[in-house]
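J.: prediction below, plus the sequence it came from.
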Amino acid sequence: MTFLSVQGIGKRYGATVALEGVDLNMSGGSRTAIVGPSGSGKTTLLRIIAGFETPDAGRVTLDGQVLAEGPSTVAAHLRGIGVVTQDGALFPHLSVADNIGFGLDPSAPSRDKRILELMDTVELDRKMLDRRPHEISGGQQQRVALARALARQPKLMLLDEPFSALDTGLRESTRKAVAEVLRAAGITTMLVTHDQVEALSFADQVAILREGRLVQAGSPRELYLTPKDPGTAVFIGDAIIMPAKLEDGWALCNLGRIAADTGQRRGAAEIMLRPEQVRLAPSLPEAQANDADPSACYGQVTDVEFGGAVCMVTLSLLSSPDAPLLRIRSSSIDLPNVGTYVKITVLGKAHVFDLRPSSSVSVR
Ligand code: ADP
(Lines give C-alpha, C1' and ligand atoms only; values in the text may rest on other atoms or scores of the structure.)
Protein backbone atom coordinates (compact mmCIF):
# COMPACT_ATOMS: atom_id res chain seq x y z
CA MET A 1 0.00 0.00 0.00
CA THR A 2 1.22 3.52 -0.76
CA PHE A 3 2.81 5.10 2.29
CA LEU A 4 4.44 8.14 0.73
CA SER A 5 2.77 9.69 -2.27
CA VAL A 6 4.23 12.55 -4.28
CA GLN A 7 1.83 13.82 -6.94
CA GLY A 8 2.44 16.42 -9.61
CA ILE A 9 5.13 18.26 -7.67
CA GLY A 10 6.44 21.43 -9.30
CA LYS A 11 8.97 23.94 -8.01
CA ARG A 12 10.58 26.97 -9.62
CA TYR A 13 13.31 29.28 -8.42
CA GLY A 14 12.80 32.40 -10.53
CA ALA A 15 13.28 31.27 -14.12
CA THR A 16 14.78 27.92 -13.06
CA VAL A 17 12.41 24.97 -13.17
CA ALA A 18 13.76 22.73 -10.39
CA LEU A 19 10.91 20.18 -10.53
CA GLU A 20 7.98 19.65 -12.86
CA GLY A 21 5.12 17.16 -12.62
CA VAL A 22 6.96 14.70 -10.39
CA ASP A 23 4.88 11.67 -9.34
CA LEU A 24 6.34 9.01 -7.07
CA ASN A 25 4.93 6.44 -4.67
CA MET A 26 6.61 4.44 -1.92
CA SER A 27 5.14 1.54 -0.01
CA GLY A 28 5.62 1.21 3.75
CA GLY A 29 9.02 -0.15 4.82
CA SER A 30 10.50 0.17 1.31
CA ARG A 31 13.67 1.94 0.18
CA THR A 32 13.75 4.30 -2.79
CA ALA A 33 16.86 5.89 -4.25
CA ILE A 34 16.55 9.14 -6.18
CA VAL A 35 19.35 9.48 -8.70
CA GLY A 36 20.14 12.04 -11.32
CA PRO A 37 22.89 14.34 -12.46
CA SER A 38 23.79 17.42 -10.48
CA GLY A 39 21.06 20.04 -10.74
CA SER A 40 18.33 17.54 -11.70
CA GLY A 41 16.21 18.43 -8.65
CA LYS A 42 17.01 15.59 -6.23
CA THR A 43 17.69 17.75 -3.18
CA THR A 44 14.74 20.01 -3.95
CA LEU A 45 12.42 16.98 -3.99
CA LEU A 46 13.82 15.72 -0.69
CA ARG A 47 13.55 19.17 0.89
CA ILE A 48 9.91 19.46 -0.23
CA ILE A 49 9.11 16.08 1.34
CA ALA A 50 10.98 17.07 4.52
CA GLY A 51 9.08 20.36 4.71
CA PHE A 52 12.10 22.65 4.22
CA GLU A 53 10.70 23.93 0.92
CA THR A 54 7.16 24.58 -0.27
CA PRO A 55 6.13 23.19 -3.67
CA ASP A 56 4.48 25.53 -6.19
CA ALA A 57 2.21 22.72 -7.33
CA GLY A 58 1.28 19.18 -6.35
CA ARG A 59 0.71 17.24 -3.19
CA VAL A 60 2.76 15.21 -0.70
CA THR A 61 0.93 12.64 1.42
CA LEU A 62 2.53 10.51 4.14
CA ASP A 63 0.65 7.71 5.85
CA GLY A 64 -2.69 9.20 4.84
CA GLN A 65 -1.84 12.73 6.01
CA VAL A 66 -1.50 15.53 3.47
CA LEU A 67 1.81 17.24 4.26
CA ALA A 68 1.85 19.74 1.44
CA GLU A 69 -0.66 20.79 -1.15
CA GLY A 70 0.45 23.84 -3.10
CA PRO A 71 1.41 26.47 -0.58
CA SER A 72 -0.48 24.88 2.34
CA THR A 73 2.00 22.84 4.29
CA VAL A 74 2.60 20.99 7.58
CA ALA A 75 5.68 22.31 9.44
CA ALA A 76 8.83 20.20 9.06
CA HIS A 77 9.10 19.31 12.76
CA LEU A 78 5.52 17.99 12.79
CA ARG A 79 5.96 15.60 9.86
CA GLY A 80 7.61 12.67 11.66
CA ILE A 81 10.41 12.64 9.12
CA GLY A 82 14.09 12.05 9.94
CA VAL A 83 16.79 13.62 7.78
CA VAL A 84 20.47 12.70 7.52
CA THR A 85 22.57 14.98 5.33
CA GLN A 86 25.99 14.66 3.73
CA ASP A 87 27.84 16.37 6.56
CA GLY A 88 25.72 14.81 9.30
CA ALA A 89 25.00 18.34 10.63
CA LEU A 90 26.02 17.35 14.16
CA PHE A 91 26.23 20.00 16.86
CA PRO A 92 30.02 20.44 17.28
CA HIS A 93 29.84 21.61 20.89
CA LEU A 94 27.69 18.67 22.05
CA SER A 95 28.92 15.18 22.97
CA VAL A 96 27.90 12.12 20.97
CA ALA A 97 25.35 11.33 23.70
CA ASP A 98 23.81 14.80 23.60
CA ASN A 99 23.74 14.85 19.82
CA ILE A 100 21.86 11.53 19.77
CA GLY A 101 19.57 12.58 22.60
CA PHE A 102 18.88 16.03 21.13
CA GLY A 103 15.29 15.25 20.20
CA LEU A 104 14.53 13.22 23.34
CA ASP A 105 12.80 14.66 26.39
CA PRO A 106 15.70 15.77 28.68
CA SER A 107 13.68 14.97 31.80
CA ALA A 108 12.63 11.46 30.70
CA PRO A 109 14.18 8.87 33.06
CA SER A 110 14.73 6.49 30.16
CA ARG A 111 16.73 9.03 28.12
CA ASP A 112 20.22 7.66 28.90
CA LYS A 113 19.10 4.08 28.34
CA ARG A 114 17.54 5.04 25.00
CA ILE A 115 20.76 6.78 23.89
CA LEU A 116 22.76 3.63 24.66
CA GLU A 117 20.24 1.49 22.79
CA LEU A 118 20.48 3.77 19.77
CA MET A 119 24.28 3.58 19.87
CA ASP A 120 24.01 -0.20 19.85
CA THR A 121 21.53 -0.06 16.98
CA VAL A 122 23.91 1.90 14.77
CA GLU A 123 26.89 -0.11 16.06
CA LEU A 124 28.70 2.77 17.71
CA ASP A 125 31.05 1.81 20.51
CA ARG A 126 29.63 3.03 23.82
CA LYS A 127 33.10 4.36 24.65
CA MET A 128 32.39 7.21 22.22
CA LEU A 129 29.57 8.52 24.41
CA ASP A 130 31.40 11.58 25.73
CA ARG A 131 33.38 12.43 22.63
CA ARG A 132 32.73 15.49 20.50
CA PRO A 133 32.02 15.07 16.76
CA HIS A 134 35.57 16.15 15.81
CA GLU A 135 36.98 13.32 17.96
CA ILE A 136 35.31 10.57 15.90
CA SER A 137 35.67 9.47 12.26
CA GLY A 138 33.45 10.51 9.35
CA GLY A 139 31.72 7.12 9.30
CA GLN A 140 31.07 7.32 13.05
CA GLN A 141 29.68 10.84 12.66
CA GLN A 142 27.19 9.54 10.10
CA ARG A 143 26.14 6.82 12.53
CA VAL A 144 25.58 9.48 15.22
CA ALA A 145 23.49 11.48 12.75
CA LEU A 146 21.46 8.36 11.94
CA ALA A 147 21.00 7.54 15.64
CA ARG A 148 19.84 11.12 16.29
CA ALA A 149 17.30 10.85 13.45
CA LEU A 150 16.15 7.41 14.68
CA ALA A 151 15.67 8.74 18.23
CA ARG A 152 12.51 10.52 17.14
CA GLN A 153 11.10 7.30 15.71
CA PRO A 154 10.41 8.79 12.29
CA LYS A 155 7.81 7.38 9.93
CA LEU A 156 10.07 8.22 7.01
CA MET A 157 13.84 8.63 6.79
CA LEU A 158 15.38 10.92 4.18
CA LEU A 159 19.08 10.44 3.43
CA ASP A 160 20.69 13.22 1.39
CA GLU A 161 24.01 11.93 -0.02
CA PRO A 162 24.92 10.72 3.48
CA PHE A 163 27.89 8.62 2.37
CA SER A 164 29.46 10.88 -0.24
CA ALA A 165 32.05 12.44 2.08
CA LEU A 166 33.39 9.02 3.10
CA ASP A 167 36.30 7.10 1.51
CA THR A 168 35.33 4.20 -0.77
CA GLY A 169 35.80 1.35 1.74
CA LEU A 170 34.17 3.17 4.63
CA ARG A 171 31.44 4.34 2.33
CA GLU A 172 30.45 0.81 1.41
CA SER A 173 30.55 -0.53 4.96
CA THR A 174 28.62 2.46 6.34
CA ARG A 175 26.05 2.16 3.55
CA LYS A 176 25.52 -1.53 4.30
CA ALA A 177 25.27 -0.88 8.04
CA VAL A 178 22.79 1.98 7.58
CA ALA A 179 20.68 -0.05 5.15
CA GLU A 180 20.61 -2.93 7.61
CA VAL A 181 19.58 -0.72 10.55
CA LEU A 182 16.76 0.86 8.56
CA ARG A 183 15.62 -2.49 7.15
CA ALA A 184 15.58 -4.05 10.62
CA ALA A 185 13.62 -1.09 11.98
CA GLY A 186 11.18 -1.30 9.03
CA ILE A 187 11.56 2.42 8.33
CA THR A 188 10.53 3.68 4.90
CA THR A 189 13.63 5.36 3.48
CA MET A 190 14.43 7.68 0.62
CA LEU A 191 18.06 8.10 -0.41
CA VAL A 192 19.27 10.89 -2.64
CA THR A 193 22.51 10.09 -4.41
CA HIS A 194 24.41 10.81 -7.61
CA ASP A 195 26.10 7.39 -7.32
CA GLN A 196 24.32 4.83 -9.51
CA VAL A 197 25.98 1.81 -7.93
CA GLU A 198 24.95 3.05 -4.50
CA ALA A 199 21.37 3.51 -5.71
CA LEU A 200 21.15 0.06 -7.31
CA SER A 201 22.54 -1.72 -4.27
CA PHE A 202 20.68 0.24 -1.58
CA ALA A 203 17.15 0.55 -2.87
CA ASP A 204 14.27 -1.64 -3.94
CA GLN A 205 12.99 1.21 -6.13
CA VAL A 206 15.21 3.58 -8.09
CA ALA A 207 13.82 6.81 -9.54
CA ILE A 208 15.78 8.80 -12.10
CA LEU A 209 15.41 12.55 -12.29
CA ARG A 210 16.59 14.54 -15.27
CA GLU A 211 16.12 18.29 -15.59
CA GLY A 212 13.45 18.30 -12.91
CA ARG A 213 11.39 15.50 -14.40
CA LEU A 214 11.07 11.94 -13.27
CA VAL A 215 12.25 9.92 -16.25
CA GLN A 216 11.77 6.38 -14.96
CA ALA A 217 11.12 4.59 -11.67
CA GLY A 218 11.36 0.87 -11.09
CA SER A 219 13.31 -1.90 -9.43
CA PRO A 220 17.10 -1.71 -9.79
CA ARG A 221 17.00 -4.72 -12.11
CA GLU A 222 14.26 -3.17 -14.27
CA LEU A 223 16.12 0.10 -14.65
CA TYR A 224 19.42 -1.56 -15.41
CA LEU A 225 18.11 -4.15 -17.86
CA THR A 226 15.21 -2.30 -19.47
CA PRO A 227 15.93 1.43 -19.34
CA LYS A 228 13.40 3.62 -21.07
CA ASP A 229 15.84 5.51 -23.26
CA PRO A 230 19.55 5.61 -24.10
CA GLY A 231 20.14 8.54 -21.72
CA THR A 232 18.79 6.51 -18.81
CA ALA A 233 20.74 3.46 -19.95
CA VAL A 234 24.10 5.21 -19.85
CA PHE A 235 23.26 7.08 -16.66
CA ILE A 236 22.63 3.88 -14.73
CA GLY A 237 25.69 1.98 -16.04
CA ASP A 238 27.94 1.17 -18.99
CA ALA A 239 25.97 0.39 -22.13
CA ILE A 240 26.60 -0.62 -25.74
CA ILE A 241 23.95 1.07 -27.82
CA MET A 242 23.61 0.43 -31.55
CA PRO A 243 21.16 0.40 -34.43
CA ALA A 244 19.58 -2.91 -35.39
CA LYS A 245 16.97 -4.49 -37.60
CA LEU A 246 14.44 -6.49 -35.61
CA GLU A 247 13.03 -9.87 -36.58
CA ASP A 248 10.86 -12.13 -34.46
CA GLY A 249 12.96 -12.48 -31.26
CA TRP A 250 16.20 -11.42 -32.95
CA ALA A 251 18.15 -8.26 -33.67
CA LEU A 252 20.47 -8.04 -36.68
CA CYS A 253 23.25 -5.66 -35.83
CA ASN A 254 26.99 -5.12 -36.10
CA LEU A 255 27.51 -7.94 -33.60
CA GLY A 256 25.60 -10.41 -35.78
CA ARG A 257 22.22 -11.93 -35.06
CA ILE A 258 21.53 -11.69 -31.37
CA ALA A 259 18.54 -12.60 -29.22
CA ALA A 260 16.39 -9.59 -28.36
CA ASP A 261 13.19 -8.74 -26.56
CA THR A 262 11.46 -7.65 -29.74
CA GLY A 263 7.85 -8.05 -28.62
CA GLN A 264 5.71 -6.92 -31.56
CA ARG A 265 8.43 -4.61 -32.91
CA ARG A 266 9.92 -5.28 -36.33
CA GLY A 267 12.29 -3.33 -38.56
CA ALA A 268 14.69 -0.55 -37.59
CA ALA A 269 15.29 0.02 -33.88
CA GLU A 270 17.95 0.95 -31.36
CA ILE A 271 19.16 -1.77 -28.99
CA MET A 272 21.30 -1.96 -25.86
CA LEU A 273 23.61 -4.55 -24.35
CA ARG A 274 25.36 -4.29 -21.01
CA PRO A 275 29.10 -4.89 -21.54
CA GLU A 276 29.12 -7.95 -19.27
CA GLN A 277 26.84 -9.65 -21.84
CA VAL A 278 29.67 -9.66 -24.37
CA ARG A 279 32.27 -12.43 -24.24
CA LEU A 280 35.54 -12.65 -26.16
CA ALA A 281 37.29 -15.90 -27.09
CA PRO A 282 40.71 -16.12 -28.78
CA SER A 283 40.43 -16.73 -32.51
CA LEU A 284 42.40 -16.63 -35.78
CA PRO A 285 42.29 -14.21 -38.76
CA GLU A 286 40.78 -16.82 -41.08
CA ALA A 287 38.16 -18.05 -38.56
CA GLN A 288 35.36 -15.84 -39.84
CA ALA A 289 35.74 -17.07 -43.42
CA ASN A 290 35.66 -20.68 -42.19
CA ASP A 291 32.71 -20.24 -39.81
CA ALA A 292 29.57 -22.07 -40.98
CA ASP A 293 27.43 -19.48 -39.18
CA PRO A 294 27.27 -16.38 -41.40
CA SER A 295 26.13 -14.20 -38.52
CA ALA A 296 29.05 -15.14 -36.22
CA CYS A 297 30.96 -12.05 -35.18
CA TYR A 298 34.73 -11.60 -35.05
CA GLY A 299 36.93 -8.69 -34.13
CA GLN A 300 40.51 -7.55 -33.87
CA VAL A 301 41.83 -6.04 -30.66
CA THR A 302 43.00 -2.47 -31.25
CA ASP A 303 43.67 -1.44 -27.65
CA VAL A 304 43.78 -2.87 -24.12
CA GLU A 305 43.63 -0.76 -20.97
CA PHE A 306 44.74 -2.81 -18.01
CA GLY A 307 42.65 -1.85 -14.98
CA GLY A 308 43.23 -4.73 -12.55
CA ALA A 309 40.04 -6.66 -11.90
CA VAL A 310 38.25 -5.03 -14.81
CA CYS A 311 40.08 -4.19 -18.05
CA MET A 312 38.86 -2.37 -21.15
CA VAL A 313 39.35 -4.01 -24.54
CA THR A 314 38.74 -2.02 -27.72
CA LEU A 315 37.85 -3.95 -30.88
CA SER A 316 37.28 -3.31 -34.53
CA LEU A 317 34.65 -5.56 -36.08
CA LEU A 318 35.88 -7.66 -39.03
CA SER A 319 32.47 -7.81 -40.70
CA SER A 320 31.86 -4.05 -40.32
CA PRO A 321 35.25 -2.33 -40.44
CA ASP A 322 33.58 1.07 -40.78
CA ALA A 323 31.47 0.60 -37.63
CA PRO A 324 32.56 2.51 -34.54
CA LEU A 325 35.02 0.64 -32.33
CA LEU A 326 33.52 -1.56 -29.65
CA ARG A 327 34.69 -1.16 -26.06
CA ILE A 328 34.19 -4.19 -23.83
CA ARG A 329 34.97 -4.72 -20.16
CA SER A 330 36.96 -7.89 -19.67
CA SER A 331 38.44 -9.75 -16.74
CA SER A 332 42.23 -9.62 -16.43
CA ILE A 333 42.25 -13.41 -16.86
CA ASP A 334 42.69 -14.37 -20.53
CA LEU A 335 43.00 -10.73 -21.53
CA PRO A 336 43.68 -10.67 -25.31
CA ASN A 337 46.73 -8.86 -26.72
CA VAL A 338 46.56 -5.91 -29.08
CA GLY A 339 46.46 -7.12 -32.70
CA THR A 340 45.00 -10.55 -31.90
CA TYR A 341 41.65 -11.83 -33.18
CA VAL A 342 38.65 -12.75 -31.05
CA LYS A 343 35.26 -14.33 -31.54
CA ILE A 344 32.53 -12.19 -30.00
CA THR A 345 29.49 -13.83 -28.45
CA VAL A 346 26.57 -12.22 -26.67
CA LEU A 347 24.93 -13.68 -23.57
CA GLY A 348 21.27 -13.10 -22.80
CA LYS A 349 19.06 -10.77 -24.79
CA ALA A 350 19.46 -7.27 -26.15
CA HIS A 351 17.08 -4.64 -24.84
CA VAL A 352 15.10 -2.78 -27.51
CA PHE A 353 14.47 0.93 -26.94
CA ASP A 354 11.12 2.28 -27.82
CA LEU A 355 12.75 5.01 -29.90
CA ARG A 356 13.89 5.83 -33.39
CA PRO A 357 17.35 4.42 -34.26
CA SER A 358 20.58 6.40 -34.45
CA SER A 359 23.82 5.31 -36.05
CA SER A 360 26.02 5.19 -32.98
CA VAL A 361 27.73 2.39 -31.10
CA SER A 362 28.81 3.68 -27.74
CA VAL A 363 29.84 2.60 -24.33
CA ARG A 364 30.05 4.83 -21.34
P1 ADP B 1 20.38 18.25 -7.32
O2 ADP B 1 20.13 17.94 -5.88
O3 ADP B 1 19.89 17.20 -8.25
O4 ADP B 1 21.82 18.60 -7.61
P5 ADP B 1 18.86 20.65 -6.79
O6 ADP B 1 17.54 20.17 -6.32
O7 ADP B 1 19.84 21.10 -5.75
O8 ADP B 1 19.54 19.54 -7.72
O9 ADP B 1 18.65 21.86 -7.80
C10 ADP B 1 17.75 21.80 -8.91
C11 ADP B 1 17.81 23.14 -9.64
O12 ADP B 1 17.25 24.15 -8.83
C13 ADP B 1 19.22 23.59 -9.98
O14 ADP B 1 19.19 24.26 -11.21
C15 ADP B 1 19.55 24.56 -8.86
O16 ADP B 1 20.49 25.51 -9.29
C17 ADP B 1 18.19 25.18 -8.56
N18 ADP B 1 18.06 25.58 -7.14
C19 ADP B 1 18.03 24.74 -6.08
N20 ADP B 1 17.86 25.43 -4.93
C21 ADP B 1 17.79 26.72 -5.28
C22 ADP B 1 17.62 27.95 -4.54
N23 ADP B 1 17.45 27.95 -3.22
N24 ADP B 1 17.59 29.11 -5.24
C25 ADP B 1 17.72 29.11 -6.59
N26 ADP B 1 17.88 28.01 -7.33
C27 ADP B 1 17.92 26.83 -6.70
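T.: Structure received.

J.: now Met242: how far from Ile271?
T.: The span separating Met242 from Ile271 equals 6 Å under the rule CB to CB, to the nearest Å. Yep, even glycine has a C-beta here, placed from its N, CA and C like the rest.

J.: could you confirm Thr174 falls within a helix?
T.: Yes - secondary structure assignment places Thr174 in a helix (DSSP: H, G, I helix; E, B strand; the rest coil).

J.: isn't it right next to Arg143, touching?
T.: Yes - counting by CB atoms under 8 Å, Thr174 touches Arg143, with 7.3 Å between them.

J.: list residues touching both of Met242 and Ile271?
T.: Common contacts of Met242 and Ile271 (CB atoms under 8 Å, 6 or more residues apart in numbering): Cys253.

J.: circling back: more neighbours, Thr174 and Arg143?
T.: It is Arg143, of Thr174 and Arg143, that has more neighbours when counted by other CB atoms under 10 Å, with 28 against 24.

J.: ok, and the closest non-adjacent residue to that one?
T.: Leaving aside its chain neighbours, Arg143 sits nearest to Val122 (4.2 Å; criterion: CB to CB, 6 or more residues apart in numbering).

J.: can you pull the pLDDT of the one you found?
T.: Looking at Val122, its pLDDT is 82.

J.: got the contact list for it?
T.: Taking CB under 8 Å, 6+ apart, we find Val122 in contact with Arg143, Val144, Leu146, Ala147, Leu150, Ala177, Val178, Val181.

J.: please report how far the third one lies from Gly14.
T.: In this case it means Leu146. As it turns out, when the distance is counted by CB to CB, Leu146 lies 35 Å from Gly14.

J.: looking at those two now, which is surrounded by more residues?
T.: Higher neighbour count among Leu146 and Gly14: Leu146, with 26 against 5, using other CB under 10 Å.

J.: isn't that one up against Glu180?
T.: No - with contact defined as CB under 8 Å, Leu146 does not reach Glu180; the gap is 11.2 Å.

J.: what touches both of these two?
T.: Where contact means CB under 8 Å, 6+ apart, no residue is in contact with each of Leu146 and Glu180.

J.: if we can go back for a sec, filter the contacts of Val122 down to just the ones in helices.
T.: Filtering the contacts of Val122 for membership in helices, criterion DSSP state H, returns Arg143, Val144, Leu146, Ala147, Leu150, Ala177, Val178, Val181.

J.: any idea how far Asp334 is from the second one?
T.: Think Val144. Taking CB to CB as the criterion, Val144 is separated from Asp334 by 47 Å.

J.: who's more crowded, these two?
T.: Val144 (26 against 9).

J.: closest to the ligand out of the contacts of Val122?
T.: Within the contacts of Val122, the smallest distance to the ligand is 19.6 Å, found for Val178 (CB to the nearest ligand atom).

J.: pLDDT value on Gly39, please?
T.: 93.

J.: what about it, how many neighbours?
T.: Around Gly39 there are 14 other residues, counting by other CB under 10 Å.

J.: quick one: it is in a helix?
T.: No - assessed with three-state DSSP, Gly39 is coil; it does not lie in a helix.

J.: which other helices and strands does the strand or helix carrying Tyr298 contact?
T.: Taking DSSP states H and E as the definition, one finds Tyr298 inside strand 297-305. The contact analysis (3 or more CB pairs under 8 Å, 6 or more residues apart in numbering; DSSP states H and E) places strand 297-305 against strand 310-317, strand 341-346.

J.: what's the angle between the shortest one and strand 297-305?
T.: Strand 341-346 runs at 110 degrees relative to strand 297-305, counting by axes from the mean of the first three to the mean of the last three CA atoms, to 10 degrees.

J.: strand 341-346 - contacts with which helices or strands?
T.: Identification of packing neighbours for strand 341-346 by 3+ CB pairs under 8 Å, 6+ apart yields strand 256-259, strand 278-283, strand 297-305, strand 310-317.

J.: just give me the neighbour total for Ala165.
T.: Neighbouring residues of Ala165 were enumerated by other CB under 10 Å; the total is 15.
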